[in-house]
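Peer 1: after the sequence you'll find the predicted model.
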Amino acid sequence: MHSRYLSSLNQEQRDELVNKLWDSQAHNCFICGTKIDLVLHKSTLDIDHIEPLKVGGKDSPENFALTHSSCNRSKQASDLRVARVLARFSKIKEKASQENRSPNLDDVLQDSGGAKFPFRFRIEDGYILYSLPEMGNNDIHRLPLYKDTLSDSEYFFVNLPIQYLFHDFRINPRAIGSSLHSLVEEFFKKRPQLHVALAWIDTTVENPTIHIFDGQHKTAAQILLGVKEVPVRVFVNPDPDVLLTTNTNAGTSLRQVAFDKSVQRHLGSSLYKERISRYQKAVGLHEDEFNFTEQDLINFFRGESREIKRYILDDVRDSITHHPDNKLKDYIDFGGKGKEKPLSYSSIEKTFYSFFIYQDILETPLNYKIDEGENPRYLEKSQIVMLMNIIADEIYIGKFDPAIGTNRIENRVQSGEDIADNHLLAYRMGKEEIMYTWLEYIKAVIKRYFLMQNMVINEAAMFQYKFPDALWDIITKSVRNLTLLSLWKNRDLSATIFGGKQNYKYWKVIFETGKSPQGQQVMANGITLDYLLGG
């Protein structure tokens, strides 16, 4: 930061300015809001312009703030007021990450004192009458009720305190992403909203609440900037499953919003459960009765057969991904753009889910041998989780260091940075094209076991067969032997075979022959099943 004013101060005058700023900021850093100790932090404090000079900020004391040097160096915006807002959001993200997830609107609402009260109203002569007594406002407000001619839904527009707003995670499980930064900056510059948030309310329940299901980024940005009331369009008594389908299609087939794959799967899983509920009601089954098949659902929802199949497979994927016992999920980046975790969700779909989830519809009842743990889909999901846990134990837990991350690892190796062997191994084995290739070997190991037992199985549905303990021991040994290959820790290969993005065929040649397609010796020999099963 260049400041003629600060350059003109002697040390005594600068110390006096520091003390004045310190007092005016209640002894806290302007950006992060935590304490500043003038003794302990003396050499690590910055004075910076609140509003940058380049946008008209003054080079005078009223435009200065005192910050920790580390906060000022890592600030996410040039204007310190925006940087302070984004630093607050970073804390919200950090809190959510402790639960292995990204933040959503509910996290922002909870941090700001929102999502507290039900919204009580009545409809009279085409108008909405409501009051906000919990906020000390007993006035009765009156708003027109409209009807959407396309969806036949009733709705009203209202500007509500955030205490009356809730986030609908079921309809919109999408996390708040990096676009929030640009929205905060846009709104801070007093540029108007693009559209109001969409919400819904069910008046048939005792304490109805307003659920926001669309526009959470814009709502969150406003709240972080200190807005206490947010404009929303509220649908009255809509079918929540219609909204769920609408939002799912917006992020999938219509591509109106950028839903991460994992979010799409979660929405598909929700729609699958909703279709099950509708089927049970239609054929007179209790909600706990599941003596029907996936094919029955396809037949019943005949006009949606393609969608139902997708929802079924989405539910399988989502159940595996978010299984409470899944150890590997801690190492998966669900947004696909991070630099801290070794696996992308997209890679998981193209490997584990592509290889091991049976892609066709089952004709066995959903509750078939469920109590014995031998239901085909149950077995499939639980055994894929068991495989993921073996891989997590052997490759990632206690070996991959999030503090080192994945950013430019091979370049850092080439520059001489001391990357731990186990971290380098975990990073390299997690690259999509490499993991795709070595998981093919694990698949071959499983197939060979069943052949040796004289069992004829459907290879496409192999995880729907019960794996005995002996097979799990073989799988564990095979993964462990894969980790012992010398190439994972060979730094001389950093600029060659690990230096760029290769395809599956490239790595298949290496694993089969020990050499790259160009003839470079990578391993002494190719990998055989006998090697994986040995030791």
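Peer 2: That came in fine, so what should we check first?

Peer 1: centre-most residue in this structure?
Peer 2: Phe334 (4.3 Å; C-alpha atoms, centre = their mean).

Peer 1: surely it meets Ser262?
Peer 2: Yes: under the criterion of C-beta atoms under 8 Å, Phe334 makes contact with Ser262 at 4.5 Å. For every residue, glycine as well, the C-beta is placed using N, CA and C.

Peer 1: now do the shared contacts for the two.
Peer 2: Tyr345 (C-beta atoms under 8 Å, 6 or more residues apart in numbering).

Peer 1: give me the residues contacting the lowest-mean-pLDDT helix or strand in the chain.
Peer 2: Ranked by mean pLDDT, DSSP states H and E, the weakest helix or strand in the chain is helix 240-251, scoring a mean of 77. Helix 240-251 is contacted by residues 151, 170-172, 174, 200, 202, 213-214, 235, 256-259, 263-264, 267-268, 270-271, 274, 278 when judged by C-beta under 8 Å, 6+ apart.

Peer 1: among those residues, the buried ones, what's the PyMOL command?
Peer 2: Buried subset of those, written as a PyMOL selection, criterion 16 or more other C-beta atoms under 10 Å:
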select buried, resi 170+171+172+174+200+213+214+235+259+263+264+267+268+270+271+274
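
Peer 1: take the contacts of helix 240-251 and keep only those in helices.
Peer 2: 263-264, 267-268, 270-271, 274, 278 (DSSP state H).

Peer 1: adding pLDDT, write these out as TSV.
Peer 2: Converted to TSV, these look like this (pLDDT from 0 to 100):
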residue	pLDDT
Val263	79
Gln264	82
Leu267	84
Gly268	87
Ser270	89
Leu271	90
Glu274	91
Arg278	91
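
Peer 1: quick one: Ile50 from Gly56, how far?
Peer 2: In this view, Ile50 and Gly56 are 12 Å apart by C-beta to C-beta, to the nearest Å.

Peer 1: comparing the two, which shows the higher neighbour count?
Peer 2: Ile50 (16 against 8; other C-beta atoms under 10 Å).

Peer 1: mind checking pLDDT for that one?
Peer 2: At Ile50, the model reports a pLDDT of 92.

Peer 1: now the phi/psi pair for it, please.
Peer 2: The phi/psi pair for Ile50 (degrees, to the nearest 10) reads phi -70, psi -60.

Peer 1: contacts only, for the residue nearest to Phe188 when sequence neighbours are not counted.
Peer 2: Nearest residue to Phe188, sequence neighbours excluded (C-beta to C-beta, 6 or more residues apart in numbering): Val82, at 5.3 Å. With contact set as C-beta under 8 Å, 6+ apart, Val82 has these partners: 76, 184-185, 188.

Peer 1: before we move on, what about Ser382?
Peer 2: 323, 373.

Peer 1: sec struct for it, please.
Peer 2: helix (DSSP: H, G, I helix; E, B strand; the rest coil).

Peer 1: so for stretch 514-522, mean pLDDT?
Peer 2: On average, stretch 514-522 scores 94.

Peer 1: equivalent analysis for stretch 488-508, please.
Peer 2: 92.

Peer 1: tell me which residues in that stretch are buried?
Peer 2: Residues of stretch 488-508 classed as buried by neighbour count (16+ other C-beta under 10 Å): 488-490, 493-494, 497-498, 502, 506-507.

Peer 1: got a list of contacts for it?
Peer 2: Outside stretch 488-508, the residues that reach it (C-beta under 8 Å, 6+ apart) are 410, 413-414, 421, 424-425, 428-429, 433-434, 436-437, 440, 487, 510, 516-517, 520, 522.

Peer 1: swap in stretch 172-192?
Peer 2: Contacts for stretch 172-192 (C-beta under 8 Å, 6+ apart): 76-77, 79, 81-82, 85-86, 89, 101-105, 107-108, 193, 212-214, 216-218, 220-222, 224-225, 247, 251, 257, 259-260, 263, 266-267, 334-335, 337.

Peer 1: and those residues, which are buried?
Peer 2: 76-77, 79, 82, 85-86, 89, 102-105, 107-108, 193, 212-214, 216-218, 220-222, 224, 247, 251, 259-260, 263, 266-267, 334.

Peer 1: in strands only, show me the residues you listed.
Peer 2: Counting by DSSP state E, those place 212-214 in strands.

Peer 1: so what's the gap between the helix or strand harbouring Ser182 and the chain middle?
Peer 2: Secondary structure assigned from DSSP states H and E places Ser182 in helix 179-188. Put simply, helix 179-188 sits 20 Å off its chain's centre (C-alpha atoms, centre = their mean, to the nearest Å).

Peer 1: before we move on, what about stretch 83-96?
Peer 2: For stretch 83-96 - counting by C-alpha atoms, centre = their mean - the centre lies 16 Å from the chain centre.

Peer 1: same question, stretch 418-425
Peer 2: Stretch 418-425 sits 26 Å away from the centroid of its parent chain (C-alpha atoms, centre = their mean).

Peer 1: list the buried ones in that stretch?
Peer 2: Applying 16+ other C-beta under 10 Å to stretch 418-425 flags 419, 422-425 as buried.

Peer 1: contacts for it?
Peer 2: Contacts of stretch 418-425 (C-beta under 8 Å, 6+ apart): 395, 398-401, 404, 409, 412-413, 483, 488-489, 491.

Peer 1: ok, Trp472 touching Met386?
Peer 2: Yes: look at Trp472 against Met386 with C-beta under 8 Å: they come within range, at 6.9 Å.

Peer 1: just the buried ones from the contacts of stretch 418-425?
Peer 2: 395, 399-400, 404, 409, 413, 483, 488-489.
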